[in-house]
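> My questions concern the predicted model and sequence given below.
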Amino acid sequence: MARLSERLPENVPGEFYVDRTCIDCATCRVVAPEVFGRSGAQLSYVRRQPDDAAQRRRAFMALVACPTASIGSVGCQPAHEGVAAFPELLAPSVSYCGFASEHSFGASSYLVEREGGNVLVDVPRPAAPLMKRVGERGGIDLLFLTHRDDVAGHARWQARFDCTRVMHADDVTSDTRGVERPIAGHEPVALAPDLLAIPVPGHTKGSMALLYQETFLFSGDHLMGTEDGSALYASRGVCWYSWADQVRSLERLLDFRFEWVLPGHEGRFRASSPAAMRRELERLIASLR
Ligand code: SF4
């Protein structure tokens, strides 16, 4: 729980605040950009208190999603409306789960609801209210793990829903050696007619993206949007395996059609069409050469 005594001095006065335990994961700035900003000290802070009920609800969603419980509300108001907001529908059948885990550095996770069985992409905190709501939406058939860094809590979700965990063999560690479906090699693998696992080595050796309905690309830490969602972005600073391979893997994505990039960290990016997404991806790749 956030502590008022640890409140960062940059916060504007009012109901919400961020304390010194912030790890700068960017979650709150993506969930409630009207309220949270990034300070010169590279931590989040409340730049503006909510103006209305909708912004207050977003602030409570950020409070719930924050992986380190670094966001507080003066008087410790109950965060029911933030809890109830997750999973948050981003598009028909695709939701953001909130409830980020500190052990995955606040990584985003997503729920895909589909007739052939639901998919959880990466792993939210195994919080009881979220697990209950995911169960009410049909549970999980597949748990797709994009890479080794964002898997904290995977065993709890697998045990709760008896789902099949999918992960690239090159990223399996002692923690994930029990995954039911390791993927080998560099060729895309069709998990179902509407689900394609695409190996994208670079950020880690076994990074994979998941393409759903040729529309949604769940990209892990391989490819992301800027925080404000205005452009695509790839980070050399957090490339742990091979930057040359990561750029090659970005080029490979030009072979695929999609309109959304839903990453593990930073912002989401939505293009107006697959052609517009391709142009933006080409721009990014050219900027990296
Ligand atoms: S979500 Fe929490 S840890 Fe992440 S940037 Fe915001 S306050 Fe910091």
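Perfect, thanks for sending it. Numbering: from 1, shown residues only.
> all helices for this protein, in order.
For the chain, helices defined by DSSP state H occupy the ranges 27-31, 53-65, 80-84, 128-136, 154-161, 243-252, 274-288.
> Could you identify which of those is most buried?
helix 27-31 (a mean of 25; mean count of other CB atoms under 10 Å). No exception for glycine: its C-beta is placed from N, CA and C like everyone else's.
> Report the distance from that one to the chain centre.
Distance of helix 27-31 from its chain centroid, counting by CA atoms, centre = their mean, to the nearest Å, is 11 Å.
> ditto for stretch 19-39
14 Å.
> and what of stretch 29-41?
For stretch 29-41 - counting by CA atoms, centre = their mean - the centre lies 17 Å from the chain centre.
> Check stretch 256-274 too.
So, by CA atoms, centre = their mean, the centroid of stretch 256-274 is 12 Å from its chain's centroid.
> and the helices of the chain, which one's lowest on average pLDDT?
Confidence, taken as mean pLDDT, is least for helix 80-84 of the helices of the chain (a mean of 92).
> For that helix, which outside residues touch it?
57, 59-65, 98, 129 (CB atoms under 8 Å, 6 or more residues apart in numbering).
> does that helix come close to the ligand?
No - using CB under 6 Å from any ligand atom, helix 80-84 stays clear of the ligand, coming no nearer than 12.1 Å.
> ok now that helix, how far from the chain's centre?
The answer for helix 80-84 is 19 Å, by CA atoms, centre = their mean.
> Output that helix as PDB, restricted to C-alpha atoms.
Extracted C-alpha coordinates of helix 80-84, given in PDB (Å, rounded to 0.1, in the frame of the first residue of the first chain):
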ATOM      1  CA  HIS A  80     -13.600  -1.000  -6.200                       C
ATOM      2  CA  GLU A  81     -14.300   0.700  -9.400                       C
ATOM      3  CA  GLY A  82     -10.600   0.200 -10.500                       C
ATOM      4  CA  VAL A  83     -10.800  -3.500  -9.600                       C
ATOM      5  CA  ALA A  84     -14.100  -3.900 -11.400                       C
END
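> give me the low-pLDDT residue ranges for this protein?
Within the chain, the stretches with pLDDT under 70 are 76.
> hmm, 50 instead?
Along the chain, no part satisfies pLDDT under 50.
> which parts of it sit against the ligand?
18, 22-28, 44, 66-68, 70-71, 106.
> one more time with 5 Å
Proximity of the chain to the ligand, by CB under 5 Å from any ligand atom, involves residues 18, 22-23, 25, 27-28, 44, 66, 68, 70, 106.
> Separate out the buried members of those.
Among the residues of the chain next to the ligand, the ones that count as buried by 16 or more other CB atoms under 10 Å are 18, 22, 25, 27-28, 44, 66, 68, 70, 106.
> what's the neighbour count on residue 180?
Residues lying near residue 180 (other CB atoms under 10 Å) number 13.
> which residues does it contact?
164-166.
> What is the nearest of these to the ligand?
Of all these, residue 165 has the smallest distance to the ligand: 25.9 Å, by CB to the nearest ligand atom.
> okay but that closest one is in contact with residue 179, surely?
Yes - taking CB atoms under 8 Å as the definition, residue 165 is a contact partner of residue 179 at 4.2 Å.
> Overlap in contacts, the two.
residue 145.
> ok, what's across the strand from residue 71?
Note on residue 71: beta-bridge partners residue 18, judged by DSSP bridges.
> Check the gap between it and residue 252 for me.
38 Å (CB to CB, to the nearest Å).
> which residue sits closest to the residue most central in space within the chain, ignoring its sequence neighbours?
Nearest to the geometric centre of the chain sits residue 108, at 1.9 Å (CA atoms, centre = their mean). Residue nearest to residue 108 in three dimensions, not counting chain neighbours: residue 264, with 5.7 Å by CB to CB, 6 or more residues apart in numbering.
> Contact partners for that neighbour?
104, 107-108, 122, 146-147, 149-150, 219-221, 224.
> cool, residue 31 as well?
58, 61-62, 65, 98.
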